[in-house]
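**Q** Sequence and computational prediction follow.
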Amino acid sequence: MMNYSPGEPPPPSATPAASPPPPAVQAHDLSVARGPRTVLRALDFAVPQGQITGLLGPSGCGKSTLMRAIVGTQAKVTGTLNVLGHPAGDATLRSRIGYVTQAPSVYDDLTVRQNLAYFAAILDPGRAAADRRRANVTRAITDVALTTHADALAGNLSGGQRSRVSLAVALLGTPELLVLDEPTVGLDPVLRRELWSLFHTIAAERRATLLISSHVMDEAERCHRLLLMREGEILADDTPEALRTRTHADTVEEAFLRLVDEATATTTVTTGTDAHHKEPAR
Ligand SMILES: Nc1ncnc2c1ncn2[C@@H]1O[C@H](COP(=O)(O)OP(=O)(O)OP(=O)(O)O)[C@@H](O)[C@H]1O
């Protein structure tokens, strides 16, 4: 279904211009409380346009919460969060963002094609758009490699296939920003590789921005940029290569672990009884 070969990510799709385009997402002093807890703490970061940014970190570090804030479905958000030039949650952003949650949102009693036709009718209503809708539905089904299952009931699909129906729904409207929460969970390695190839094709051909969460560190190597998270904070915001170089690590996983060790050592030193020395331990 696609033509990107895995390994090093290809260069970002945007051709070099005199001034770089504004970031797709820009956060300043962004915090989120869930219940009594602050689960995101004073985040500052930018997600560049037309690239794939990976959001990585252990379970519970706040990846889904951050994505929900970006798509405008999270309560108790403070600080500044701009998305495609508007405050997050602005009504004008609805058709410009595709969001796929961890739990696939599909109707089990409809076929794959019927599910997509239903969402296509909401996105692009009216009789005059019928041909365009049909073409978009077929394209989205092909994109996620579900052509052979197009007439199967969603309720009879495997978990990975249902996730791909959700992804196809997000691809229907050709969004400028795609926010994908762990889209490759439960998929076999071949399918994971194919989906990553699709993500690169979307970034390159449609100039879309993709923010993709994962806790599988080998997927980090396929991103143009990474936001590494830990306990509600951003530990690093860089390219995979720069992260590896900076930490003298062979893999992003190793780089992440070194950064965690550094952060832990800093915390221990600054919160310990002898809090004079604040440099991270080596
Ligand atoms: N509805 C809720 N009420 C209170 N706290 C919540 C709620 N949902 C999540 N949390 C807490 O917020 C923190 C961040 O959760 P979040 O789901 O964003 O993490 P995550 O990094 O996406 O995890 P995972 O990789 O397991 O999906 C966690 O500590 C979690 O316990």
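**A** Received the coordinates, thanks.
**Q** hang on, Gly85 packs against Val25?
**A** No - in this structure, Gly85 is not within contact of Val25 by Cβ atoms under 8 Å, at 10.3 Å. Where C-beta positions appear, they are placed from N, C-alpha and C, glycine not excepted.
**Q** Have a look at these two and say which one is more surrounded.
**A** Comparing Gly85 with Val25 by other Cβ atoms under 10 Å, the one with more neighbours is Val25, at 22 against 13.
**Q** quick one, phi psi at that one?
**A** The phi and psi values for Val25, taken as degrees, to the nearest 10, are phi -130, psi 130.
**Q** The ligand versus that one, what's the distance?
**A** Distance of Val25 to the ligand, computed by Cβ to the nearest ligand atom, to the nearest Å: 16 Å.
**Q** got a list of what that residue touches?
**A** Val25 is in contact with 45-47, 70, 81-84, 177, 209, 211, counting by Cβ atoms under 8 Å, 6 or more residues apart in numbering.
**Q** For PyMOL, write the selection for the buried entries among the residues you listed.
**A** What follows is the PyMOL syntax selecting those of the contacts of Val25 that are buried according to 16 or more other Cβ atoms under 10 Å:
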select buried, resi 45+46+47+70+81+82+83+84+177+209+211
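**Q** Same list as before, the contacts of Val25 that is, but in a markdown table and with pLDDT included.
**A** Formatted as a markdown table, those follow (pLDDT from 0 to 100):
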| residue | pLDDT |
| --- | --- |
| Phe45 | 96 |
| Ala46 | 96 |
| Val47 | 97 |
| Ile70 | 98 |
| Leu81 | 98 |
| Asn82 | 98 |
| Val83 | 98 |
| Leu84 | 97 |
| Leu177 | 97 |
| Thr209 | 97 |
| Leu211 | 98 |
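**Q** Give me the subset of the contacts of Val25 lying in helices.
**A** Among the contacts of Val25, the residues falling in helices (DSSP state H) are Ile70.
**Q** List the residues that contact the nearest residue to Val260 once chain neighbours are set aside.
**A** Residue nearest to Val260 in three dimensions, not counting chain neighbours: Arg230, with 6.0 Å by Cβ to Cβ, 6 or more residues apart in numbering. By Cβ under 8 Å, 6+ apart, Arg230 lies in contact with 57-58, 61, 260, 263.
**Q** Out of these, flag the one nearest to the ligand.
**A** Cys61 (4.4 Å; Cβ to the nearest ligand atom).
**Q** need the residues of the stretch 101-250 of the chain near the ligand, please.
**A** His215 (Cβ under 6 Å from any ligand atom).
**Q** Any idea how many residues pack against Thr38?
**A** 14.
**Q** SS state for it?
**A** strand (DSSP: H, G, I helix; E, B strand; the rest coil).
**Q** Domain map for the chain?
**A** Per the TED database, the domain ranges recorded for the chain read 23-96+177-264, 103-174.
**Q** Next, format the contacts of Val25 as CSV and append distance to Arg134.
**A** What follows is the contacts of Val25, written out as CSV (distance: Cβ to Cβ, whole Å):
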residue, distance to Arg134
Phe45, 40
Ala46, 38
Val47, 33
Ile70, 31
Leu81, 37
Asn82, 36
Val83, 31
Leu84, 28
Leu177, 25
Thr209, 27
Leu211, 30
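**Q** any idea which of the contacts of Val25 is the one closest to the ligand?
**A** Of all the contacts of Val25, the ligand sits closest to Ile70, with 11.9 Å by Cβ to the nearest ligand atom.
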